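K.L.:
my questions concern the predicted model and sequence given below.
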2 protein chains.
Amino acid sequence: MVLMREEIGDVLRDFRLQKGRTLRQVAGEASVALGYLSEVERGQKEASSEILASVAEALDTPLSVILGEVSQRLAVVEDINLHVSVLPDTVPSGLISGYAPKLLATKA
Amino acid sequence: MVLMREEIGDVLRDFRLQKGRTLRQVAGEASVALGYLSEVERGQKEASSEILASVAEALDTPLSVILGEVSQRLAVVEDINLHVSVLPDTVPSGLISGYAPKLLATKA
């Protein structure tokens, strides 16, 4: 299963590093706890829409740009999953994350 | 403030209607409570990444496509806000949602 929060976290971190900002700086400007932002970047916490908007603003990056990047990265992952799924039986189905969503969802 | 969950809700509803599916059908396939999906569509609840993935699958639509559409709609709203913000003093700043995010965030 492709999880949006993991891609969002990666993209937020990449934009932050690209701008040479520290977690502390961005968290401070966005009025978000540092530990919380760190968990969001690692894909461990869902960021609410309000927090995401604040962090995007702190990064001087429109939310549409952040989500556009998330969408593109998801497309790559989904495309990979799609191609893996048409391989013969050599790949154990449990390893194909995008194609056992209900099974995996119960673990979350 | 532009809120991601409102755009996500609109996009999910539009994809559902475009496919001629009812809330009940999609909620059932995604194993999500009908009332919850309805609140997500109305932008009142944040959908977790797991639920979003399940709903996308129930709609037979890649998550990347859904978020791509969300990104495009956000871009339109952000562009409108940008243009409103460069108008002269005739527009009360409190009405320009994208440019008083901290103020508005306290109301949410």
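P.N.:
Okay, I see it.

K.L.:
for residue A:39, what are its contacts?
P.N.:
residue A:45 (C-beta atoms under 8 Å, 6 or more residues apart in numbering or on different chains). Every residue, glycine included, has its C-beta placed from N, CA and C.

K.L.:
where does it sit: helix, strand or coil?
P.N.:
What DSSP: H, G, I helix; E, B strand; the rest coil gives for residue A:39 is helix.

K.L.:
and for residue A:20?
P.N.:
Three-state assignment for residue A:20 (three-state DSSP): coil.

K.L.:
distance check, it against residue B:8.
P.N.:
Distance, residue A:20 to residue B:8, by C-beta to C-beta, to the nearest Å: 31 Å.

K.L.:
okay, those two: which has more neighbours?
P.N.:
The neighbour comparison of residue A:20 against residue B:8 (other C-beta atoms under 10 Å in any protein chain shown) goes to residue B:8, with 26 against 7.

K.L.:
leaving out the residues flanking it, which one is nearest to that one?
P.N.:
Sequence neighbours aside, residue B:70 is the residue nearest to residue B:8 in space, at 5.5 Å (criterion: C-beta to C-beta, 6 or more residues apart in numbering or on different chains).

K.L.:
okay, now the one you found: neighbour count?
P.N.:
Neighbours of residue B:70 under the rule other C-beta under 10 Å: 25.

K.L.:
got the contact list for it?
P.N.:
By C-beta under 8 Å, 6+ apart, residue B:70 lies in contact with A:67, A:71, B:4, B:7-8, B:11.

K.L.:
in JSON lines: these, plus distance to residue A:77 and secondary structure.
P.N.:
Formatted as JSON lines, the contacts of residue B:70 follow (distance: C-beta to C-beta, whole Å; DSSP: H, G, I helix; E, B strand; the rest coil):
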{"residue": "A:67", "distance to residue A:77": "15", "secondary structure": "helix"}
{"residue": "A:71", "distance to residue A:77": "11", "secondary structure": "helix"}
{"residue": "B:4", "distance to residue A:77": "20", "secondary structure": "helix"}
{"residue": "B:7", "distance to residue A:77": "21", "secondary structure": "helix"}
{"residue": "B:8", "distance to residue A:77": "19", "secondary structure": "helix"}
{"residue": "B:11", "distance to residue A:77": "19", "secondary structure": "helix"}
